[in-house]
Structure formats: structure tokens, C-alpha cells
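Turn this into a model:
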Amino acid sequence: MTMTTKVLSVSVPVADQDAALKFYTEVLGCELRTDIEIWPGARLVEVAPPGSEVSLLLLPRDSEIPVATRLGTSDARAAHDAIRSSGTTLHNDDLIRMEGVPAMFSFADPDGNGLVYLEDNS
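Below is the predicted model of the structure:
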């Protein structure tokens, strides 16, 4: 199994999601891909350059959604087990499963940078 299949998205911490959205779309020419409230108070704003497979998540610094680099993996359960066995501290005891969203979990690299694995079978 190849554990990491691709980079899916990178979080950009922002002070104001509306101002950031305007900058990334109107100034930088990115397209809006997603602007939804995942749960009350947790807004996910996703933009990307046209044609790009990698997107940017514009998240408040204090967001409940992890400010992280999101990586694809072909098997989230196997990746979770491998990360755990490496001694890396996981932020989730088990996979997070939400309707309509791939299985995922979060952790940090040795420098404290946030990482999220999402099961990606594309």
C-alpha cells in the first residue's frame, strides 16, 4: 500500500473568511469550490486555481476544523494503524466518519504541523 496518494488541500489560517475569499477569488483568480457550514459555527471555505487538483481551505486560526495539510490515502484504517504504530500522537482515537465525507483522522508531524489523512479512492 502506498500510504500517501496525493495532496488534497492545504489550510490557510485567516482572520476573516469573507475578506480572504474576496482576495483569493477576485485578486488571485481562484475559483470558489465550497462554502458550507459543516456544523454550527464551523464554516469551510475552499478555493483553488482553475484546473488545480489541490485546493486551499480558508479557515479561522481558532477553527474547530483542523488547520492542516490534507493528504489522500487509499486505506484510512491501515494509515491510522501505521501512524499509531510509529509512535506519532494521533488527534483521533479512531477514524472520523461523517455522512458524505471520506473516513479521516488527524495528527501532527514531528514539528507540530497539522496533517489529516482522508480516504481517497479516486
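
Below-threshold pLDDT in this structure: ranges please.
In the predicted model of the chain, residues 1 satisfy pLDDT under 70.

can you pull the buried residues of stretch 5-19?
Buried residues in stretch 5-19, counting neighbours by 16 or more other C-beta atoms under 10 Å, are found at Thr5, Leu8, Ser9, Ser11, Val14, Gln17. C-beta: built from backbone N, CA, C; applies to glycine.

Stretch 27-40 now?
By 16+ other C-beta under 10 Å, the buried positions in stretch 27-40 come out as Cys30.

and for that stretch, what are the contacting residues?
With contact meaning C-beta atoms under 8 Å, 6 or more residues apart in numbering, stretch 27-40 is reached by 21, 24-25, 43-50, 55-56, 64-65.

Repeat that for stretch 109-120.
When contacts are defined by C-beta under 8 Å, 6+ apart, stretch 109-120 is touched by residues 4-6, 8, 11, 66-76, 79-80, 83, 102-108.

Can you give the strand pairings for the strand or helix carrying Leu32, parallel or anti for each?
Under the assignment given by DSSP states H and E, the secondary-structure element containing Leu32 is strand 31-39. With DSSP bridges as the test, strand 31-39 is paired with strand 42-48 (antiparallel).

Which other helices and strands does the very next helix or strand once past the partner strand contact?
Per DSSP H and E, the first helix or strand lying C-terminal to strand 42-48 is strand 55-60. Packed against strand 55-60 by the contact rule (3 or more C-beta pairs under 8 Å, 6 or more residues apart in numbering; DSSP states H and E) you find strand 6-14, helix 17-22, strand 42-48.
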